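**Q** Next comes the sequence, and after it the predicted model I'd like to discuss.
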Amino acid sequence: MDTSFPRDDYLPAASHKREPCPGASLLPRDHLVWSIFNTIYMNFCCLGFVALAFSVKARDSKVAGDVEAARRFSSKARCYNGLATAGSVVMPLLLAALVITGVIHLSKLAQESVGFFTYQFGGSDEEDK
């Protein structure tokens, strides 16, 4: 007994061949996966959440058939995703650079201060006479 569904005898003949929609390549991307990644892992100043909101709006507009609105929302989602990614990559690099230069500056300052504290303020005994 064949229990597979759907059975071949119930399917129309045209359903075996799937042809791509002519406008499928013109639909804008919604960047939803990138937005989810930015929201969960690299949420710099909540830009990932804003990008996620625009991605969902882009997907909803695309499903509703409003290609122009989907294109606008997709562009905004891409912009916010780029800002969130750049901010999350640049900020730690900038912080690391500041820490490294601060450590270098403090080590030079400590080396110079060693010479200052070893200086004798009292002078010699001959000056007191």
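**A** Sure, I can see it. Numbers count the residues shown, from 1 in each chain.

**Q** can we go C-alpha only for contacts and neighbour counts from here?
**A** Will do.

**Q** same question for stretch 92-104, mean pLDDT?
**A** The pLDDT scores in stretch 92-104 average 94.

**Q** Of all the helix elements in this structure, which one is longest?
**A** helix 67-117 (DSSP state H).

**Q** Run the chain-centre distance for that helix.
**A** 13 Å (CA atoms, centre = their mean, to the nearest Å).

**Q** Ok, stretch 45-59 next?
**A** On CA atoms, centre = their mean, the centre of stretch 45-59 falls 12 Å from the chain's centre.

**Q** Now it: buried residues?
**A** Neighbour counts using 16 or more other CA atoms under 10 Å place 47-59 of stretch 45-59 among the buried residues.

**Q** Check stretch 70-90 too.
**A** So, applying 16+ other CA under 10 Å, buried residues of stretch 70-90: 70-78, 80-85, 87-88.

**Q** contacts for that stretch?
**A** 27-31, 34-35, 38, 42-45, 47-48, 50-55, 57-62 (CA atoms under 8 Å, 6 or more residues apart in numbering).
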